[in-house]
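Undergrad: Have a look at this prediction, sequence included:
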Amino acid sequence: MYQAGELVFYGSAGVCRVEGLGNPDPRDRSGKQFYLLKPLYQDGVIYTPLDSGERMMRPVMSAEDARALIAQIPTIQPEAFRERTLQLLSQRYQTLLQSGNGRDLLELTMSVYQKRRQAEKQNRRLGMVDEKYGRQAERLLFGELAVALDIPVDQVPAYISSRMKEQVFAG
């Protein structure tokens, strides 16, 4: 069970602070408890049932895990995801996003970057489905890395870039 003040990664909201337990409906007398979550990088609050909410939540990755994930970037060969239909492509992206796994989010982000570069070489624009899911994966990934590394979210790309340069010079 998560405690008030803890940071968790929750579904498509990303990093949230557990504000406490309660019930959003004061008239509900069932005694059902909900986590009250406050997303760090978007407005609003989320109520998720205690009994099912924990399946969608996990602790935020540690700084060590974040650095290890970033260190894996040069070894990942991003595959530009392609499907026969936009619906299948959306489903594939949605599955990766819903996993809430940092590596899946990284691979999705890198895949979309790869597709963007390919499109730019052909003087074309990136498709709307790729753009949408790429932005969402990047937002979730960068938000978690920012919390794990204790840096502002807008500094995550520069942090990653500097680590990649260090690896090139070290290797």
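TA: Happy to help now that I have it.

Undergrad: Next, the residue most central in space within the chain: secondary structure please.
TA: Closest residue to the average C-alpha location of the chain: residue 140 at 2.5 Å, with Cα atoms, centre = their mean. Of the three states, residue 140 takes helix under DSSP: H, G, I helix; E, B strand; the rest coil.

Undergrad: helices or strands up against the lowest-mean-pLDDT helix or strand in the chain?
TA: Lowest by mean pLDDT, DSSP states H and E among the helices and strands of the chain is helix 50-56, with a mean of 73. Secondary-structure packing of helix 50-56 (3 or more Cβ pairs under 8 Å, 6 or more residues apart in numbering; DSSP states H and E): strand 34-39. C-beta: built from backbone N, CA, C; applies to glycine.

Undergrad: wait, what's in contact with the residue nearest to residue 138 when sequence neighbours are not counted?
TA: Distances taken as Cβ to Cβ, 6 or more residues apart in numbering place residue 109 nearest to residue 138, at 5.0 Å, with adjacent residues excluded. For residue 109, the contact set (Cβ atoms under 8 Å, 6 or more residues apart in numbering) comprises 134, 137-138, 141.

Undergrad: Could you pull up the residues touching the residue lying farthest from the centre of the chain?
TA: Going by Cα atoms, centre = their mean, the residue of the chain most distant from its centre is residue 29, 35.2 Å out. Applying Cβ under 8 Å, 6+ apart to residue 29 gives no contacts.

Undergrad: Next, give phi and psi for residue 16.
TA: Here is the backbone geometry of residue 16 (degrees, to the nearest 10): phi -130, psi 150.

Undergrad: is the closest residue to it other than its chain neighbours in a bridge, and if so with what?
TA: Sequence neighbours aside, residue 37 is the residue nearest to residue 16 in space, at 3.9 Å (criterion: Cβ to Cβ, 6+ apart). Beta-bridge pairing for residue 37 (DSSP bridges): residue 18, residue 46.

Undergrad: name the element residue 8 belongs to?
TA: With elements taken from DSSP states H and E, the one containing residue 8 is strand 7-10.

Undergrad: what helices or strands is that strand leaning on?
TA: Using 3+ Cβ pairs under 8 Å, 6+ apart, strand 7-10 sits against strand 14-22, strand 34-39, strand 57-59, helix 128-149.
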